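Chemist: here is my input; please provide its structure:
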Amino acid sequence: MIDFAGTKILVTGGNGAVGCNLVRKLLTLGAKVTAVDDFSQSKKGNLPDDKNLYIIGGDITNERLLSKVFSTKYDYIFHLAARFANELSVKDPIEDLRVNAQGTLQILVHAAKQKAERLLYTSSSSIYGVQKSTKLTEEMIPHPTTPYAASKLAGEDYCRTFHTLSGINCTIVRLSNSYGPFDPPGRYRNVIPNFMQAALTGKSLVITGTGRETRDFTYVEDCVDGIILAATKKAGKNQTFNLGTGKETTIKKIAENILQVTKSKSKIVYKPMRSFDHIKRRKMDISKARRMLGYRPNTDIHTGMWKIYHWFSNR
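Modeler: The predicted structure is shown next:
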């Protein structure tokens with residue numbers, strides 16, 4: 001990992017599940033970090049009390065806030081702020097457009113004036129939508145099937161456009177079902193924390209579908225390592241990378257693993273798939289990130305379940 005000593009770094013969405021883990025890692029590498037978050041989807045307290053961390057609360061579409069944020073010149077900009085969840089985007093697609101697409105555009109407008117070393121944009125594996133192959137490669141034509149996926153893809157296009165217009169160096173990473181510490185349970189949250197919470201409270205683990213559906217679940221520390229590599233490696237300039245594990249795991253196996261780790265007597269129950277759940281299987285091709293960045297995810301799903309169980313037990 002690069003030595004960030006003396007560098008100034010901006011992380012939008014810095015209090016979120018991935019963002020706060022990224023901020024913590026950057027601080028250990030010596031960076032001076034400014035974290036921006038509106039705390040609408042994460043509770044305050046995810047970030048440490050650190051002399052090298054400056055936290056700004058607010059909406060990334062607020063121009064007065066952005067003028068304050070960008071009054072400092074940054075060496076690196078990590079843009080993670082987004083309105084999260086496919087289901088939530090179906091209920092309110094306009095708000096998704098405002099935060100994810102417009103917000104990204106506004107960040108780029110300000111970042112382009114600074115000539116930062118690199119802007120890294122976190123996109124999502126959901127932009128691929130339904131493909132003929134379950135192994136997703138960066139060369140595939142995206143087919144977003146939810147407003148969330150469409151808005152994240154729009155952010156990618158804005159990054160490419162601003163590189164052409166202003167010369168700002170952007171790197172895009174498509175994250176795949178990250179999980180880990182500071183990822184809480186909730187109605188619009190991820191399946192792993194929701195299953196973990198259910199198992200620990202004696203409630204049923206509800207699978208929407210057959211349980212044979214798969215995703216490429218990636219432990220957050222591996223995501224963070226990939227993000228930092230993508231932002232700092234010369235080969236990563238103006239490139240797009242998949243960040244996952246390259247392996248698919250069924251939702252049923254996740255539920256069974258959690259029941260085993262927690263020694264819970266909770267039951268697994270099944271409900272019909274939601275109307276927007278079109279993707280049956282997903283596995284990321286991470287060969288490009290391995291080859292060009294040296295990306296090496298090393299947390300297997302069972303080890304990851306133990307780690308997240310430990311975090312739940314001690315939070």
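Chemist: quick one, what contacts Val188?
Modeler: Just to correct that, residue 188 is Tyr rather than Val. By C-beta atoms under 8 Å, 6 or more residues apart in numbering, the contact list for Tyr188 reads Phe84, Ala85, Glu87, Leu88. For glycine as for every other residue, the C-beta is placed from the backbone atoms N, C-alpha and C.
Chemist: which among these end up buried?
Modeler: By neighbour count, with 16 or more other C-beta atoms under 10 Å, those hold Phe84, Ala85, Leu88 as buried.
Chemist: closest one of those residues to Leu27?
Modeler: Proximity of these to Leu27 (C-beta to C-beta) peaks at Phe84, which lies at 23.3 Å.
Chemist: assess the claim that that closest one and Gln41 are in contact.
Modeler: Yes - contact criterion C-beta atoms under 8 Å: Phe84 and Gln41 qualify, at 5.7 Å.
Chemist: what residues are shared contacts of these two?
Modeler: Gly16.
Chemist: tell me which helix or strand of this protein sits lowest on mean pLDDT?
Modeler: Within the chain, no helix or strand scores below helix 86-91, which has a mean of 79 by mean pLDDT, DSSP states H and E.
Chemist: for the helix or strand that that helix is followed by, buried residues please.
Modeler: Moving toward the C-terminus from helix 86-91, the next helix or strand (DSSP states H and E) is helix 93-96. For helix 93-96, a neighbour-count test (16+ other C-beta under 10 Å) marks Asp96 as buried.
Chemist: ok so Val11 is a helix residue?
Modeler: No - counting by DSSP: H, G, I helix; E, B strand; the rest coil, one finds Val11 to be strand, located in no helix.
Chemist: any idea how many residues pack against it?
Modeler: Number of residues near Val11 (other C-beta atoms under 10 Å) recorded here: 30.
Chemist: can you give me the end-to-end distance of stretch 228-242?
Modeler: Stretch 228-242 has its terminal residues 13 Å apart, counting by C-alpha to C-alpha, to the nearest Å.
Chemist: buried stuff in it?
Modeler: Ile228, Leu229, Ala230, Ala231, Thr232, Lys233, Gly236, Gln239, Thr240, Phe241, Asn242.
Chemist: which residues are contacting the helix or strand the first one falls within?
Modeler: I take that to be Ile228. Taking DSSP H and E as the definition, Ile228 sits inside helix 220-232. Here helix 220-232 makes contact (C-beta under 8 Å, 6+ apart) with 1-2, 17-18, 21-22, 25-26, 29, 76, 78, 118, 120, 122, 171, 173, 175, 178-183, 236, 239, 241, 243, 245, 289, 293-299.
Chemist: 7 Å instead, please
Modeler: 1-2, 17-18, 21-22, 25, 76, 78, 118, 120, 122, 171, 173, 175, 178-181, 236, 241, 243, 289, 293-295, 297-299 (C-beta atoms under 7 Å, 6 or more residues apart in numbering).
Chemist: ok, then the element right after that helix?
Modeler: Downstream of helix 220-232, the next assigned helix or strand under DSSP H and E is strand 240-243.
Chemist: starting at the chain centroid, how far to that next one?
Modeler: The chain centre lies 12 Å from the centre of strand 240-243; the measure is C-alpha atoms, centre = their mean, to the nearest Å.
Chemist: and if you look at stretch 93-101?
Modeler: 17 Å.
Chemist: got the end-to-end distance for it?
Modeler: Stretch 93-101 has its terminal residues 11 Å apart, counting by C-alpha to C-alpha.
Chemist: model confidence over it, on average?
Modeler: Averaging pLDDT along stretch 93-101 yields 94.
Chemist: one more: stretch 207-218?
Modeler: 94.
Chemist: what's that stretch in contact with?
Modeler: 176-179, 192, 243-245, 247-252, 255, 268, 270-274, 277, 280-284, 297, 301.
Chemist: rerun that using 6 Å as the cut-off
Modeler: 176-179, 244-245, 248-252, 270-271, 273-274, 280-284, 301 (C-beta atoms under 6 Å, 6 or more residues apart in numbering).
Chemist: may I see the buried residues of that stretch?
Modeler: Neighbour-count burial for stretch 207-218 [16+ other C-beta under 10 Å]: Ile207, Gly209, Gly211, Glu213, Thr214, Arg215, Asp216, Phe217, Thr218.
Chemist: from the middle of its chain, how far away would that stretch be?
Modeler: That offset, for stretch 207-218, works out to 18 Å (C-alpha atoms, centre = their mean).
Chemist: good, wrapping up.
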